[in-house]
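Colleague: fold the following.
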Amino acid sequence: FAGKITQSNVGTTNTYLAKKDSAEKMQLSYSAGIRLSKPFGDHFMMKAGIQYTQVNEKFNYKIENERKQVTVITTHTVVNAPGDTTYIKDTSSYEQIGYRQRSVTNRFKSVDVPVILGYEWGNNGWRFAINGGAIFNVYSWYNGEIYDTSFNAMAVDKSPAGVYKRNIGVGLYGSISIFKSIGENTEIFAEPYLRYNLSNMMEANQSYSQKFRISGLSLGIRYKLSGRQR
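Modeller: Below is the predicted model:
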């Protein structure tokens, strides 16, 4: 799936948010899990389970790796008259700073419990469903680097004050499912989905807020355990 982080200003500058946003780029991410579905009537299906999600982000920035003083001597020639030439030397200096480009992969990981209600229809060969519900975060953890307010890279797991919450609350979930029967009790499915986290993932002491917005495609197998339960 592809993730996106929406940011808003709480107490920092727009310059900081703009520089932070330009240094970060979302990467292809993934999620894996298991669900148990229970039918109610002919069309409604209640689904719940547990899943692991990892959102990857590329953080690119420059770090100073060399600094030196450069002296430049310039000679000017002044001709006052034939045979009368004056040479003037001018000395100037400046500081030369070298930078090295660095790239780090930030990883945002979470364990969640989805609770979803689906409306399903179709026949023995093909089935379709519209789903909506909530995803409850159990635990989140992070590793990587971000800019501090002085535009220096800071390791997230070494920040003494803490940066990200360990629980990011509830998110909304919506999807469309397509099922194809491959056996008496087995179906394969594809499920394009959208997920939006409602809560700020940053700690209260941070000067900006962030929320996840994720769009992706789930692929899997649905197996009928007993009766109409899947």
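Colleague: rest of the way, CA atoms for contacts and neighbours
Modeller: OK.
Colleague: looking at this, Leu17 is in a helix?
Modeller: Yes - applying DSSP: H, G, I helix; E, B strand; the rest coil, one finds Leu17 inside a helix.
Colleague: how near is it to Tyr173?
Modeller: 28 Å (Cα to Cα, to the nearest Å).
Colleague: between the two, which is the more surrounded one?
Modeller: With neighbours defined as other Cα atoms under 10 Å, Leu17 and Tyr173 compare such that Tyr173 has more, 20 against 17.
Colleague: mind listing the helices in this protein by residue range?
Modeller: Per DSSP state H, the chain carries helices over the ranges 14-23.
Colleague: so who does the residue lying closest to Gln51 once chain neighbours are set aside touch?
Modeller: Excluding its sequence neighbours, the residue lying closest to Gln51 (Cα to Cα, 6 or more residues apart in numbering) is Gly33, at 3.9 Å. By Cα atoms under 8 Å, 6 or more residues apart in numbering, the contact list for Gly33 reads 49-52.
Colleague: what of Lys89?
Modeller: Lys89 neighbours (Cα under 8 Å, 6+ apart): 73-76.
Colleague: now do 6 Å
Modeller: 74-75 (Cα atoms under 6 Å, 6 or more residues apart in numbering).
Colleague: swap in Ser110?
Modeller: Contacts of Ser110 by Cα under 6 Å, 6+ apart are 52-53, 139-140.
Colleague: not counting sequence-adjacent ones, nearest residue to Pro39?
Modeller: The nearest residue in space to Pro39 (Cα to Cα, 6+ apart) is Met45, at 4.3 Å.
Colleague: could you point out which residue ranges in the chain have low pLDDT?
Modeller: Per-residue confidence for the chain (pLDDT under 70) gives these ranges: 1-5, 7, 9, 11, 64-65, 158-161, 226-230.
Colleague: so where do the strands sit in this protein?
Modeller: Secondary structure of the chain (DSSP state E): strands located at 2-9, 24-26, 30-40, 44-81, 84-122, 126-143, 145-147, 153-155, 170-181, 186-197, 208-223.
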